[in-house]
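Enquirer: Provided below are the primary sequence and the corresponding predicted coordinates.
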Amino acid sequence: MNALATNDPLAANDILAPLTAILSATWDMLEESAIFLLFGLFIAAFLHMWMSRSRWGDLLRGDGIKPVLLASAIGLPMPLCSCSVLPAAVALRKQGASKGATLSFLISTPETSAQSVLLTYSLIGPMMAIIRPLASCITAIVAGIAETFFSRNAANSAPEDVAPACHCCCGSKPTESNSNQPTNVSFADGLRHAFVKVFDDIVFWMFAGFVVAAMIKVWMPNALIDAVMRGPVLAMLIMLVIGIPMYVCAEGSTPVAAALIAQGLSPGAALVFLLAGPATNIGAVGLLRAQLGTRTVVVYLTSIAVVSVGAGLCVDWFFNVQGFTVTAHGTHESFVPAWLRTAGAVALLAWTCTSIYRRNLTDKQAPDSQNQESQNQTAACH
């Protein structure tokens, strides 16, 4: 009995020590990134205010390269995750955008956003914050041009009017296409869009990314690091296999990539995960096949795989030749004062609690509103 009683504190310490380390690492990453995420949401509000989806179909018509380039540029800063981009892409296609432009938009949009670029800067460093959107843009353009080339001699008929049937990774149902969205949106509407809709879309996967990254830093075995993560080509292929079917947004993938780099993953392999993870998921593949055809799905996946690995190899070569090092989380000094980082983390946590409460309240009110609507329809029939 005494031996058991003596061992209990040690057993408790064995459990509490890694949990404490995970919580500490999660808080550190939250402090590093909170201010940048909040600033990115303000940028998303301005983007929503000034950019209207209702005119994009006219801009993206035609089978040339110009619509593909425009679609890539338009999608690059948009704050949409890998699931919420699907109804937007369907809306563009229905408005007359070419298959190549639709595919380019579908890739560039979820791979980067204003907040994910700022998050990359805060957790991985300025070089990767520049390389990530550049590689994303190249991937989108290559896929769009390839699709345009293969479909040039085929009939470019409009897709059927089918609602997107994807299981959204963000926990919210895909919304109707906003083809009738007004061209002028107030700043208040932009703030509401950024801090409610966009934040609700990314908050779960963002914090999931923080926790997974912390677990990687605390629990990842050294044998796995030595055997796999230090072999760049093998690591890139593994990141590709893991990233393509995953539901992960650009914000959620960033802390995971930062933790893997800190554990020894090459920056090129991390870039493969940052590109392939947000750009693809099972829902996107199914929707693409239904709306655009099997050939487009093949072009979509092949372009992402080839360009991601190619970009990863170029990044590793560039870093090795030029002698650059990736400043992953914890290895660079932030220019943001410590008190401001802490305040930003507290504010982000507070707004997260508000988001959870708001979504739970909405879920509770939804059945009541549906029942009321059904009763009104029944009364109207009588």
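Expert: The structure has been received and is ready for your questions. Numbering: from 1, shown residues only.
Enquirer: residue 21: which element?
Expert: Per DSSP states H and E, residue 21 falls inside helix 2-50.
Enquirer: next one: residue 142
Expert: Using DSSP H and E, residue 142 sits in helix 126-151.
Enquirer: what's the first helix or strand after that helix?
Expert: Downstream of helix 126-151, the next assigned helix or strand under DSSP H and E is helix 187-192.
Enquirer: burial measure for the residue nearest to residue 68 when sequence neighbours are not counted, as a count.
Expert: Leaving aside its chain neighbours, residue 68 sits nearest to residue 144 (3.4 Å; criterion: Cβ to Cβ, 6 or more residues apart in numbering). C-beta: built from backbone N, CA, C; applies to glycine. Using other Cβ atoms under 10 Å, residue 144 has 31 neighbouring residues.
Enquirer: next, count neighbours for residue 17.
Expert: 11.
Enquirer: contacts only, for residue 143.
Expert: When contacts are counted by Cβ atoms under 8 Å, 6 or more residues apart in numbering, residue 143 is found next to 100, 103-104, 107, 299-300, 303-304, 307.
Enquirer: for these, give me JSON lines that also has pLDDT.
Expert: Formatted as JSON lines, the contacts of residue 143 follow (pLDDT from 0 to 100):
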{"residue": "100", "pLDDT": "87"}
{"residue": "103", "pLDDT": "87"}
{"residue": "104", "pLDDT": "89"}
{"residue": "107", "pLDDT": "87"}
{"residue": "299", "pLDDT": "89"}
{"residue": "300", "pLDDT": "88"}
{"residue": "303", "pLDDT": "92"}
{"residue": "304", "pLDDT": "91"}
{"residue": "307", "pLDDT": "93"}
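Enquirer: by neighbours, which of those wins?
Expert: Most crowded among those, counting by other Cβ under 10 Å, is residue 104 at 34 neighbours.
Enquirer: hmm, who's touching stretch 265-275?
Expert: Residues contacting stretch 265-275 (Cβ under 8 Å, 6+ apart): 111, 120, 124, 128, 131-132, 135-136, 139, 229-230, 232, 235-236, 238-240, 242-243, 250, 253-254, 256-258, 260-261, 304, 307-309, 311-316, 319, 326.
Enquirer: just the helices in the stretch 251-382 of the chain please.
Expert: In the stretch 251-382 of the chain, the helices defined using DSSP state H, counting those that start in this stretch lie at 267-279, 282-291, 294-322, 338-381.
Enquirer: count of residues packed around residue 199?
Expert: Per other Cβ under 10 Å, the neighbour tally for residue 199 reads 23.
Enquirer: revised request: answer the last question for residue 62.
Expert: Using other Cβ under 10 Å, residue 62 is surrounded by 16 other residues.
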